[in-house]
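Visitor: Everything below, folded, please.
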Amino acid sequence: MSSFKLFDIAGSGMSAQSVRLNATASNLANADSVGSDPASVYKARHPLFEAVRAGLGTNKDTGAAVSVRGIVENQAAATARYEPGNPLADKDGYVYAPNVNVVEEMVDMISASRSYQNNVEVMNTTKEMLLATLRLGS
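Guide: Numbers count the residues shown, from 1 in each chain. Next comes the predicted model:
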């Protein structure tokens, strides 16, 4: 495998982790929103990743990447809270909060951030190795 393919692999990882960070930020931003109907309240979203191997079965170098297959919504039920004074309360006095667990989302954000940083380190190390190789030849 060519050393330049490492940039593609790390770049796809960075792109995937960026989507993960954006989904987590959206979940955290909507964690305190409420609605009058459990079906219409915000549902936590999470990206679904897929490992991709290109060039299998050919004489070309095989490559690898990470792609975002899609964004899935958490199907857990919304949390009902009794707030009869809330203007969004239903006829029984309940409002419905999203199924976002703030602690889990913060852990997911830290994990995505560290994965992103690791991919940056892979790119930097690869760049340094290629530069050192070029210096050897001169």
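Visitor: nearest residue to the residue positioned nearest the centre of the chain other than its sequence neighbours?
Guide: Compute the mean C-alpha point of the chain, and by C-alpha atoms, centre = their mean the closest residue is residue 20, 1.1 Å away. The shortest distance from residue 20 to any residue other than its chain neighbours is 4.2 Å, reached at residue 112 (C-beta to C-beta, 6 or more residues apart in numbering). To be clear about C-beta, it is placed using only N, CA and C from the backbone, and glycine gets the same treatment.
Visitor: give me every residue that touches that neighbour.
Guide: The contact partners of residue 112, taken as C-beta atoms under 8 Å, 6 or more residues apart in numbering, are 17, 20-21, 24.
Visitor: Assign it to helix, strand or coil.
Guide: The assignment at residue 112 comes out as helix when based on DSSP: H, G, I helix; E, B strand; the rest coil.
Visitor: re the thing from before, export the contacts of residue 112 as a markdown table, with columns for secondary structure and pLDDT.
Guide: Below are the contacts of residue 112 laid out as a markdown table (DSSP: H, G, I helix; E, B strand; the rest coil; pLDDT from 0 to 100):
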| residue | secondary structure | pLDDT |
| --- | --- | --- |
| 17 | helix | 96 |
| 20 | helix | 97 |
| 21 | helix | 97 |
| 24 | helix | 97 |
